[in-house]
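Engineer: pasted the sequence and its predicted model underneath.
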Amino acid sequence: MRPPRPNEYRDAWAGELTAARAGERVRVAGWVHRRRDHGGLIFVDLRDRTGLLQLVFHPESAPAAHTLAERLRAEHVVSAAGEIVRREPGNVNPGLPTGEIELDVTDVELLAESATPPFPVDEDGPVEETLRLRHRVLDLRRAGMRDAVVLRHQVVRAMREYLNAHDFLDIETPLLTRSTPEGARDFLVPSRTSPGSFYALPQSPQLFKQLLMVAGFERYYQIARCFRDEDSRADRQPEFTQLDIELSFIDEEDVIDLIEGLLARVFEETAFPLSQPPPWPRLTYDEAMLRYGSDKPDVRFGLELADLGEALAGTEFRVFASVLAAGGVVRGLNAGARELPRSELDALTEHVRRHGAGGLVWAFVLEDGGWRSPTAKFLTDEQRAAVTRALGGKPGDVLLIVADAEPVAAAALGELRLELARRFDLIAPGRHDAVWVFDFPMFEWSQTEGRWTAVHHPFTAPTGDFADPGGMRSRGYDLALDGVEIGGGSIRINRPEVQQQVFKLLGISEQEAETRFGFLLDALRYGAPPHGGIAFGVDRIVAILAGQTSIRDVIAFPKTASGADPLTGAPAPVDARQLAELGLRLTL
């Protein structure tokens, strides 16, 4: 960091002082991190944003400063001046960047006192989450949170610098817009000037960035705030940040090439040890679901799935035969050589049931190639051997099999392989892998709604015949890192008649389409270039880079899992006058 402008409080950053400046007189300012009284000498670790510096107070040479130091407590705010001196060799702290030096304080000023913190600020030990969020200001002082916020800044700065250097324009889009169906509930904002009407907070800038392409700006990006009224999870919040990108006159390869360069820059600047530099592997959606049971596969370990339909053709085992006859699948994985007790096998069975499967078939491969399994007697020798071959089984290996409808079997086994990786530490420490997934289905049938829905969103360019919606594919692409979808996008529809066809297939009438999306359809009628883009979850990327499992630990002021903000007390009631101005009356 650049040295601060000298003023009455400081002329140096505490954490950036080194032995090269020994003998100089400096002034620093910050918070009391720790205080130690050695029966004469008093030591204080001073903390500012850059790190820690040890201050030493001598009763003989600076009695007034020493007297004040006796009053200092954790989180008091001070300004201190003195000479930088080298520590005695036996007192050097090699684990601290400033560990070779200390500040011999001659003058100190107490700028503010602190109440006793509700949890220790000088350590990163576990603290109940609601307490942390209620006192987020103190939590942000702790080293882990401070480093996460700094890392977030580095990530966003690298993104901006890369895109600015590639001729992109940073353009803002509205936060008060029209409610449009994009897959989640909108947050609605009542309009005082139009009683009974509402704005919506954007789930993404999707339509506006397409309008910018029609307007001719050709290369747009934005670090955008987005809002979705859905239940929070470890990787989701009601409000979140995404890197939003759109380009004109491009195809999929242009987008992928751009993003691989951008993320390589981000990873390099943050010293993130990605296992493989670009270009990164690519999987079709069908291949990802078949091999990994997920459209955001974690490819850092094996345990790939295999289809066992051919190996079990003609089986008389009712569980397998009935599923195959109904158009379902039988798939499995090889969990490796493990001696799993029955209790663990039962736990794994319950795990796949929680993810929709009816049950789990298990088998231990014996030395003679046979099985130790309750299912062994229901299969012929040839069928058991064929399944073992399909799963690459060797003596001692445990084979795990699910029979169900294809989506259910894929999802259950996909979750099972992740559970096995957690239980048996199958992911090498420090390994990180990225993979592209493309060629998604364009539509999927919703049994609950009784209609076709868009797999990504209705503005994705389709391929195939509209007479066969289930067979159509999309020009979409996602990027997964360590089994987490960090970004996704597509080539968009740029012709109004195609957009109308998609709306029609989704059950959106022409009248409804004009009402909700008329501004987009109107723009497309005035010559829209071929265009496409992508959006990345900044919170998710930073969480992975920081080694955190929850994005709440890389957001300065997040919400709880219920969407509440313990710091400010939001959401909160408003007074009757505000409601009256908006023409609203509560029914609760």
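Structural biologist: Alright, I've got the coordinates. Since this is a predicted model, take the numbers as computed values, not measurements.
Engineer: next, the residue nearest to residue 241 when sequence neighbours are not counted: phi, psi?
Structural biologist: Counting by Cβ to Cβ, 6 or more residues apart in numbering, residue 241 lies nearest to residue 538, which is 4.3 Å off, once chain neighbours are set aside. All C-beta spots, glycine's among them, are computed from the backbone N, C-alpha and C. Main-chain dihedrals, residue 538, degrees, to the nearest 10: phi -60, psi -40.
Engineer: how about the contacts made by residue 538?
Structural biologist: With contacts defined as Cβ atoms under 8 Å, 6 or more residues apart in numbering, residue 538 is in contact with 152, 155, 156, 223, 240, 241, 242, 243.
Engineer: you'd agree the second one is up against residue 265?
Structural biologist: In other words, residue 155. No: contact criterion Cβ atoms under 8 Å: residue 155 and residue 265 do not qualify, at 10.1 Å.
Engineer: burial of residue 289, as a residue count?
Structural biologist: Using other Cβ atoms under 10 Å, residue 289 is surrounded by 23 other residues.
Engineer: for the host helix or strand of residue 419, what is the average pLDDT?
Structural biologist: If you go by DSSP states H and E, residue 419 is part of helix 406-423. In this model, helix 406-423 carries a mean pLDDT of 96.
Engineer: what is it packed up against?
Structural biologist: Judged by 3 or more Cβ pairs under 8 Å, 6 or more residues apart in numbering; DSSP states H and E, helix 406-423 is in contact with helix 285-292, strand 329-337, helix 342-354, strand 397-404.
Engineer: if you set the cut-off to 6 Å instead, what comes out?
Structural biologist: Judged by 3 or more Cβ pairs under 6 Å, 6 or more residues apart in numbering; DSSP states H and E, helix 406-423 is in contact with strand 329-337, helix 342-354, strand 397-404.
Engineer: next structured bit after it?
Structural biologist: Following helix 406-423 toward the C-terminus (DSSP H and E): strand 434-438.
Engineer: and for that following strand, what's in contact with it?
Structural biologist: Strand 434-438 has contacts (Cβ atoms under 6 Å, 6 or more residues apart in numbering) with 280-283, 285, 288, 295, 299, 477-481.
Engineer: closest one of those to residue 495?
Structural biologist: residue 477 (20.5 Å; Cβ to Cβ).
Engineer: quick check: closest non-adjacent residue to that closest one.
Structural biologist: residue 438 (4.3 Å).
Engineer: give me the neighbour count for the one you found.
Structural biologist: Around residue 438 there are 20 residues (other Cβ under 10 Å).
Engineer: mind checking how far it is from residue 538?
Structural biologist: Look at residue 438 and residue 538: by Cβ to Cβ, to the nearest Å, they are 22 Å apart.
Engineer: and what of residue 273?
Structural biologist: Residue 273 is 20 Å from residue 538, by Cβ to Cβ.
Engineer: next: residue 521.
Structural biologist: Distance from residue 521 to residue 538, by Cβ to Cβ: 31 Å.
Engineer: please apply the same query to residue 301.
Structural biologist: In terms of Cβ to Cβ, residue 301 sits 27 Å off from residue 538.
Engineer: same thing with residue 229?
Structural biologist: 20 Å.
Engineer: now swap in residue 128 and tell me
Structural biologist: 27 Å.
Engineer: re the thing from before, residue 155 and residue 265 - which one has more neighbours?
Structural biologist: Ranked by neighbour count (other Cβ under 10 Å), residue 155 and residue 265 place residue 155 first, with 24 against 16.
Engineer: now do the contacts for that one.
Structural biologist: With Cβ under 6 Å, 6+ apart, residue 155 has these contacts: 266, 542.
Engineer: what are the ranges of the strands in the stretch 451-588 of the chain?
Structural biologist: With DSSP state E, counting those that start in this stretch, the ranges of strands along the stretch 451-588 of the chain come out as 451-454, 462-463, 473-474, 476-481, 484-491, 531-537.
Engineer: lowest average confidence across the ones you listed, which one?
Structural biologist: strand 451-454 (a mean of 90).
Engineer: any low-confidence regions in the stretch 101-250 of the chain?
Structural biologist: Counting by pLDDT under 70, the stretch 101-250 of the chain contains low-confidence residues at 181-183, 232-234.
Engineer: could you redo the last one with a cut-off of 50?
Structural biologist: The stretch 101-250 of the chain contains no residues with pLDDT under 50.
Engineer: can you show me the strands along it?
Structural biologist: 101-112, 169-170, 188-190, 198-200, 219-227, 239-248.
Engineer: buried residues in whatever helix or strand comes next after the last one?
Structural biologist: To tie it back to what came earlier, the one meant is strand 239-248. Next helix or strand after strand 239-248 toward the C-terminus (DSSP H and E): helix 252-269. The neighbour-count check on helix 252-269 (16 or more other Cβ atoms under 10 Å) flags 252, 255, 256, 258, 259, 260, 262, 263, 264, 265, 266, 267 as buried.
Engineer: next one: stretch 435-452
Structural biologist: So for stretch 435-452, counting by 16+ other Cβ under 10 Å, buried means 435, 436, 437, 438, 439, 440, 441, 442, 443, 452.
Engineer: cool, stretch 275-284 as well?
Structural biologist: Quick answer for stretch 275-284 (16+ other Cβ under 10 Å): 280, 283.
Engineer: ok, residues contacting that stretch?
Structural biologist: Against stretch 275-284 from outside (Cβ under 6 Å, 6+ apart): 260, 264, 431, 432, 433, 434, 435, 436, 437, 439.
Engineer: residues touching the second one, list them.
Structural biologist: Each residue near residue 264 by Cβ under 6 Å, 6+ apart is listed here: residue 278.
Engineer: start at 57, not 1
Structural biologist: With the count now opening at 57, the last piece we talked about shows up as residue 320.
Engineer: how close does it get to residue 326?
Structural biologist: 11 Å.
Engineer: what's near enough to touch residue 532?
Structural biologist: By Cβ under 6 Å, 6+ apart, the neighbours of residue 532 are 496, 512, 516, 546.
Engineer: the first one contacts residue 341, doesn't it?
Structural biologist: Yes: taking Cβ atoms under 6 Å as the contact criterion, residue 496 and residue 341 are neighbours in contact, 4.6 Å apart.
Engineer: how about residue 115, what does it touch?
Structural biologist: 96, 122.
Engineer: again, only using 10 Å
Structural biologist: 96, 97, 98, 121, 122, 123, 125, 126 (Cβ atoms under 10 Å, 6 or more residues apart in numbering).
Engineer: keep only those of those that are in helices.
Structural biologist: Per DSSP state H, helices hold the following members of those: 121, 122, 123, 125.
Engineer: neighbours around the last one, how many?
Structural biologist: Meaning residue 125. 26.
Engineer: can you list the buried residues of stretch 491-508 in a markdown table and add distance to residue 228?
Structural biologist: Below are the buried residues of stretch 491-508 laid out as a markdown table (distance: Cβ to Cβ, whole Å):
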| residue | distance to residue 228 |
| --- | --- |
| 491 | 32 |
| 492 | 29 |
| 493 | 31 |
| 494 | 30 |
| 495 | 33 |
| 496 | 30 |
| 497 | 34 |
| 498 | 31 |
| 499 | 33 |
| 508 | 34 |
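Engineer: of the residues you listed, closest to residue 378?
Structural biologist: Once Cβ to Cβ is applied, the member of the buried residues of stretch 491-508 that ends up nearest residue 378 is residue 497, at 26.0 Å.
Engineer: dump the residue contacts of the residue nearest to the closest one when sequence neighbours are not counted.
Structural biologist: In this structure, residue 497 finds its nearest non-sequential neighbour in residue 511, 5.2 Å apart by Cβ to Cβ, 6+ apart. If you count contacts by Cβ under 10 Å, 6+ apart, residue 511 has them with 341, 351, 496, 497, 498, 499, 500, 528, 529, 530, 532.
Engineer: can you pull the contacts of the second one?
Structural biologist: Residue 351 makes contacts with 339, 341-342, 344-345, 466, 470, 493, 496-497, 511, 534, 536, 541, 544, as judged by Cβ under 10 Å, 6+ apart.
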